[in-house]
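**Student:** what's the 3D shape of this:
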Amino acid sequence: MIIRTINGKAPQLGNNCFIAENATVVGEVSMGDDCSIWFNAVVRGDVHFIRMGDKVNVQDGAVIHCTYQKSPTTIGNNVSIGHNAIVHGCTIKDNVLVGMGSIIMDDCIVESNSIIAAGAVVTKGTHIPEGSVFAGMPAKKIKDISPELSAGEIDKIANNYVKYSGWFR
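**Tutor:** Here you go, the predicted model:
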């Protein structure tokens, strides 16, 4: 794994975090407890800060970055960032699932209890309302999230990744 200080700013890891051997975490990155950064994932806080809450998983090949002196990235609690997703200079609140291969661009806000579908492209400045599912290119609201979908997908995936990371420690 690469955990590196950039311009005097070092990543700060919470308790019980897992960083895969070939993951990269650099610069002004802070993560809460029970987070996991998986194989080939990059969390690069070199041009602005990245703040992650508790129980965030950044799956294989995902990239989290920011825009220089303009757009930091803030991720809440209980968030899953799917394989090969790009999360860039945006705010993601609590209990969110970011689907595989999706892209969330600068200055977007993804409110709590939402799902960004696999392959969706959330264009700059989009505001995702709480409790919604967005899909497509560009991403549009396709439905409200049901309590079953919230518990069955968002919570299940976040909890599973805490379990999976225990297998690698």
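
**Student:** the longest helix in the chain is where?
**Tutor:** Taking DSSP state H as the criterion, the chain has its longest helix at helix 156-168.

**Student:** so which bits of that helix are buried?
**Tutor:** 157-158, 161-162, 165 (16 or more other Cβ atoms under 10 Å). In this view, the C-beta of every residue, glycine as well, is placed from N, C-alpha and C.

**Student:** closest to Asn78 among those?
**Tutor:** Using Cβ to Cβ, Ala158 is the member of those that lies nearest Asn78, at 4.7 Å.

**Student:** the closest one and Ile3: what is the separation?
**Tutor:** 23 Å (Cβ to Cβ, to the nearest Å).

**Student:** over to Gly125?
**Tutor:** 32 Å.

**Student:** so between the two, which is more surrounded?
**Tutor:** Counted by other Cβ atoms under 10 Å, Gly125 and Ile3 do not tie: Ile3 has more neighbours, with 15 against 11.

**Student:** for the helix or strand where the more buried one lies, which outside residues touch it?
**Tutor:** Taking DSSP states H and E as the criterion, Ile3 maps to strand 2-4. Residues outside strand 2-4 that contact it (Cβ atoms under 8 Å, 6 or more residues apart in numbering): 10-11, 13, 19, 23-27.

**Student:** list the strands paired with it, with their directions.
**Tutor:** strand 24-31 (parallel) (DSSP bridges).

**Student:** with that, I have no additional questions.
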